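# Structure for this input, please:
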Amino acid sequence: GSTEHQLAGLKCQEKYGGPDDEFAEREMAFWSDIPSDASYKSPFLDEGEERFLTFEPDHGGWNNIRMGMETALVLAHSMGRTLVL
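The predicted structure is shown next:
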C-alpha cells in the first residue's frame, strides 16, 4: 500500500500520475530528519562578538543572483553573523 514519507509527504502517483508511492519514497526522498543536527554548532560560530556578512548582487542573471544570495544566507546563519544586503 501507499505510505506517506515522514517529512516530505510524497504522493506522486495519486496527485501526478508518477511512479508508485513506495518507489518514490525509496528512491526520491532526499531529506530525512537527523536529531543530532539540531544541536550542531559550526566551528566558525563566534558568539562572543556581533559580526556581519555583506552580500552585494552582481550583474548576472536572476538565477545566479538568487543562488549567490542563498549561499550568503546559509553562510551567515552557520557563522552566527548578521547578513547585510
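# where does the protein have low pLDDT?
1-12, 21, 24-25, 28-31 (pLDDT under 70).
# From the centroid of it, which residue is nearest?
Most central in the chain under Cα atoms, centre = their mean is Val74, positioned 8.5 Å from the mean C-alpha point.
# Packing partners of whichever strand or helix holds it?
Secondary structure assigned from DSSP states H and E places Val74 in helix 62-79. Here helix 62-79 touches strand 52-54, strand 82-84, going by 3 or more Cβ pairs under 8 Å, 6 or more residues apart in numbering; DSSP states H and E. To be clear about C-beta, it is placed using only N, CA and C from the backbone, and glycine gets the same treatment.
# and that helix, which residues are buried?
By neighbour count with 16 or more other Cβ atoms under 10 Å, helix 62-79 contains the buried residues 72, 76.
# Please verify my assumption that Leu53 contacts Gly80.
No: counting by Cβ atoms under 8 Å, Leu53 stays clear of Gly80, with 9.9 Å between them.
# Common neighbours of those two, please.
The overlap between the contact sets of Leu53 and Gly80 (Cβ atoms under 8 Å, 6 or more residues apart in numbering) is empty.
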